[in-house]
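Engineer: pasting the structure only:
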Ligand code: HEM
């Protein structure tokens, strides 16, 4: 999402899947319809979070099992909206 000109980018689940920190350097996660760029997070190096959480996916359901809320995304930029 680009607030300077109000152009919103939409990405498919396939486009999101490439940004998993392995196929491409970018590390993106979708949550509640929004896509966040978490490339500079030290908790998501190479797209992996703790033992078994992987970027490049819609993790809306998975975060419900985490010891934290979706507030952890607040410092990350929204790069787009997940196409439904
Ligand atoms: C059992 C599963 C999980 C555990 C044990 C876990 C644990 C943690 C811990 C300890 C932190 C750092 C402390 C904090 O900022 O509160 C953290 C940060 C974070 N987690 Fe998780 N988490 C889990 C699942 C998830 C899932 C499924 C997502 C994605 C939807 C997620 C996204 C994040 C993000 C974006 C951060 C912030 C990273 C940063 O600030 O650089 N976590 N997590």
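Structural biologist: Arrived safely. All of these numbers come straight from a predicted model, not from anything done at the bench. Numbers count the residues shown, from 1 in each chain.

Engineer: Can you give me the pLDDT of the residue nearest to residue 27 when sequence neighbours are not counted?
Structural biologist: With Cβ to Cβ, 6 or more residues apart in numbering as the criterion, residue 27 has its nearest non-adjacent residue at 4.2 Å, and that residue is residue 21. From N, CA and C alone the C-beta is placed, and that goes for glycine too. The score at residue 21 is 95. That number is its pLDDT.

Engineer: From residue 43, how far out is residue 21?
Structural biologist: As judged by Cβ to Cβ, to the nearest Å, residue 21 and residue 43 stand 12 Å apart.

Engineer: In terms of packing, which of those two has more residues around it?
Structural biologist: The residue with the greater number of neighbours, taking residue 21 and residue 43 and applying other Cβ atoms under 10 Å, is residue 21; the counts read 19 against 10.

Engineer: Distance of the more buried one relative to the ligand?
Structural biologist: 13 Å (Cβ to the nearest ligand atom, to the nearest Å).
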